[in-house]
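Q: sequence-free structure coming up:
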């Protein structure tokens, strides 16, 4: 039994939104795919570019593929927030809150991201 290899279970990706208060709770497994969003006077663009790192020939290293994401949010009359590369939903929610998105805006945007297939998580509205 001591030699049995076990891997820690990662929690399922999940986002819970309280529609009344606008609270958004999510776990670290939540990620976003590339998408573009326009809601009222807000526009959001999320893009992802694969980055490949290959080891030198005849080395013991392995090829590694990672994603570099770029999130851009624009609110008229010209407020622009440039997000650091990250596929994390938490960054999008933080940026939307900075721009003053209402709880209703946040709920509608997250539901649209999920419907478009870009939210890699279960979405629960309470």
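A: All right, it came through fine. Remember, it's a predicted structure, so these values are computed and weren't measured experimentally.

Q: can you give me how far the helix ranked longest in the chain is from the chain middle?
A: Scanning the chain for the helix with the most residues, using DSSP state H, yields helix 103-115. Chain-centre distance of helix 103-115: 13 Å, with Cα atoms, centre = their mean, to the nearest Å.

Q: now do the helices in this protein.
A: Going by DSSP H, the chain shows helices at 89-98, 103-115.

Q: what's the angle between the longest helix of the chain and helix 89-98?
A: 150 degrees (axes from the mean of the first three to the mean of the last three Cα atoms, to 10 degrees).

Q: sorry, back to before: just send the helices of the chain back as TSV, with mean neighbour count, mean pLDDT and distance to residue 14 too.
A: Using the backbone N, CA and C atoms, a C-beta is placed for each residue, glycine as well. TSV is the format used below for the helices of the chain (neighbours: other Cβ atoms under 10 Å; pLDDT from 0 to 100; distance: least, Cβ to Cβ, whole Å):
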stretch	mean neighbour count	mean pLDDT	distance to residue 14
helix 89-98	18	72	11
helix 103-115	17	82	12
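
Q: select, out of these, the one closest to residue 7.
A: Ranking those by proximity to residue 7 (Cβ to Cβ) places helix 89-98 first, at 24.5 Å.

Q: which strands and helices lie in contact with that closest one?
A: strand 24-26, strand 31-32, strand 42-53, strand 64-75, helix 103-115 (3 or more Cβ pairs under 8 Å, 6 or more residues apart in numbering; DSSP states H and E).

Q: now those in JSON lines, with distance to residue 8?
A: Shown next, in JSON lines, are these (distance: least, Cβ to Cβ, whole Å):
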{"stretch": "strand 24-26", "distance to residue 8": "19"}
{"stretch": "strand 31-32", "distance to residue 8": "18"}
{"stretch": "strand 42-53", "distance to residue 8": "25"}
{"stretch": "strand 64-75", "distance to residue 8": "21"}
{"stretch": "helix 103-115", "distance to residue 8": "27"}
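
Q: residue 2: which of the ones you listed is closest?
A: Among these, strand 64-75 sits nearest to residue 2 (Cβ to Cβ), with 31.9 Å.
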